[in-house]
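Enquirer: Below is the sequence, then the predicted model.
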Amino acid sequence: MKRLIALTLLVLPASLLAQDAYWENSRGEIWRNSYGECWRTSHWTPDAHVVGCDGYVAPAPMPARRAEKPAVVTPPPAPAVVAVDESMTRDSDGDGVVDALDKCPGTRRGAKVDANGCYVVLKEAVTMTIDVKFPPGSSKIDARGDAEIKKLADFMNQYPQTSVEVAGHTDNTGNAAANRKLSQQRADAVREHLVGKFGVDGKRVTAKGYGPDKPIADNKTAAGRNANRRVEATISQTVDKIQD
């Protein structure tokens with residue numbers, strides 16, 4: 001057998017001569033025996049192994065690197081909803097000052113109040129002359145007189161701490177005692193309008209008749225007597241006045 005192998009080697013073409021670690025044929029292919037084993041040369045070392053020879057298996061190819069997904073940005077949490085304490089915004093009397101700051105609770109809605117929720121009033125006594133005229137011998141209030149009384153009522157409702165004296169007057173025609181009684185009736189009629197029709201507190205209104213004692217015009221003329229048949233109202237409360 002050894003002689004047969006030796007003779008076979010003698011007849012191999014030159015291209016099958018040993019090259020590096022394995023024998024190769026003329027096409028550069030590694031020579032293998034009938035068992036598929038590669039023929040090593042004397043130069044073979046473990047470091048010279050070839051894929052498919054000597055039991056060496058090629059490593060599996062590395063999988064292609066997958067593209068990284070973009071990072072998911074988590075939005076910041078929504079700001080917490082802060083519950084509003086209703087007691088800090090409640091304005092029970094509707095005066096524009098919340099209860100927590102209101103030092104005068106229960107003021108009338110629509111009245112003048114200061115920063116503490118307290119009534120604003122006048123600083124000096126103010127005389128308001130309402131042009132309520134009466135026919136001779138009468139205490140009946142006509143439409144024009146009604147409008148004048150409403151102006152006084154609006155003022156008093158705006159300043160709830162004020163009070164007023166309704167003063168009735170007559171001319172000097174006739175008996176002085178009768179004129180005094182008539183002037184009181186005229187003052188009372190205006191007071192009843194303020195209280196009954198326009199809602200002013202009755203405790204804030206007094207009525208007094210002065211008869212012919214305080215004329216504002218000459219009773220010798222018709223125009224003068226007409227001017228003297230009147231009702232005046234004087235605001236008597238002294239408070240701080242704030243203009244809108």
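Expert: Great, that's in hand.
Enquirer: Going by C-alpha atoms from here, please, whenever you check contacts or count neighbours.
Expert: Fine.
Enquirer: Would you map the helices across this structure?
Expert: Using DSSP state H, the helices of the chain run over residues 2-10, 143-158, 176-192, 222-228.
Enquirer: contact partners of the last one?
Expert: This points to helix 222-228. Residues outside helix 222-228 that contact it (C-alpha atoms under 8 Å, 6 or more residues apart in numbering) are 133, 169-172, 212, 215-219.
Enquirer: Ok, the second one next?
Expert: Residues from elsewhere that reach helix 143-158 (C-alpha under 8 Å, 6+ apart): 110-112, 128, 130-133, 162-163, 190, 193-194, 198-200.
Enquirer: Touching, Asp188 and Ala207? I think so.
Expert: Yes: contact criterion C-alpha atoms under 8 Å: Asp188 and Ala207 qualify, at 5.7 Å.
Enquirer: Return every residue with contacts to both of these two.
Expert: Val166.
Enquirer: Of all pairs in the contacts of helix 222-228, which one spans the longest distance?
Expert: Pairwise distances across these (C-alpha to C-alpha) peak at 16.1 Å, for the pair Lys133 and Asp218.
Enquirer: of these two, who's got more company?
Expert: Between Lys133 and Asp218, Lys133 has the larger neighbour count (other C-alpha atoms under 10 Å), namely 21 against 15.
Enquirer: so how far is Leu152 from that one?
Expert: Here Lys133 is placed at a distance of 15 Å from Leu152 (C-alpha to C-alpha, to the nearest Å).
Enquirer: now Val166
Expert: 10 Å.
Enquirer: the more surrounded of these two?
Expert: Val166 (25 against 21).
Enquirer: ok, now which ones touch the more buried one?
Expert: Taking C-alpha under 8 Å, 6+ apart, one finds 187-188, 190-191, 205-208, 231-234 in contact with Val166.
Enquirer: Buried ones from the residues you listed, can you make that a PyMOL selection?
Expert: Here is the PyMOL command that selects only those of these that count as buried (16 or more other C-alpha atoms under 10 Å):
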select buried, resi 187+188+190+191+205+207+208+231+232+233+234
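Enquirer: What is the most widely separated pair among the contacts of Val166?
Expert: Among the contacts of Val166, Asp188 and Thr234 lie farthest apart (C-alpha to C-alpha), at 14.8 Å.
Enquirer: what stretches of the protein score poorly on pLDDT?
Expert: 1-19, 54-64, 67, 80-85, 87, 121-129, 236-244 (pLDDT under 70).
Enquirer: ok, 90 please
Expert: 1-139, 144, 154-163, 231-244 (pLDDT under 90).
Enquirer: any idea where the strands of it begin and end?
Expert: Assigned by DSSP state E, the chain shows strands spanning 18-19, 22-23, 126-128, 164-168, 205-209, 231-235.
Enquirer: Rebuild those strands as TSV, extending it with distance to Pro77.
Expert: Converted to TSV, the strands of the chain look like this (distance: least, C-alpha to C-alpha, whole Å):
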stretch	distance to Pro77
strand 18-19	72
strand 22-23	70
strand 126-128	63
strand 164-168	64
strand 205-209	64
strand 231-235	63
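Enquirer: Looking at these, which is nearest to Ile141?
Expert: Using C-alpha to C-alpha, these put strand 231-235 closest to Ile141, at 10.7 Å.
Enquirer: follow-up on the earlier one: quick check: which of the helices of the chain is buried the most?
Expert: helix 176-192 (a mean of 21; mean count of other C-alpha atoms under 10 Å).
Enquirer: who does it touch, helix- and strand-wise?
Expert: strand 164-168, strand 205-209, strand 231-235 (3 or more C-alpha pairs under 8 Å, 6 or more residues apart in numbering; DSSP states H and E).
Enquirer: what are the C-alpha coordinates of that helix, in CSV please?
Expert: Extracted as CSV, the C-alpha positions of helix 176-192 are listed here (Å, rounded to 0.1, in the frame of the first residue of the first chain):
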residue,chain,number,x,y,z
ALA,A,176,-101.2,130.0,60.3
ALA,A,177,-102.4,127.0,62.3
ALA,A,178,-104.1,125.5,59.3
ASN,A,179,-101.0,126.1,57.2
ARG,A,180,-98.9,124.4,59.8
LYS,A,181,-101.2,121.3,59.7
LEU,A,182,-101.1,121.4,55.9
SER,A,183,-97.4,121.5,55.8
GLN,A,184,-97.2,118.4,58.1
GLN,A,185,-99.6,116.6,55.8
ARG,A,186,-97.3,117.4,52.8
ALA,A,187,-94.2,116.2,54.7
ASP,A,188,-96.0,113.0,55.7
ALA,A,189,-97.1,112.4,52.1
VAL,A,190,-93.5,112.6,50.9
ARG,A,191,-92.3,110.3,53.7
GLU,A,192,-95.0,107.7,52.9
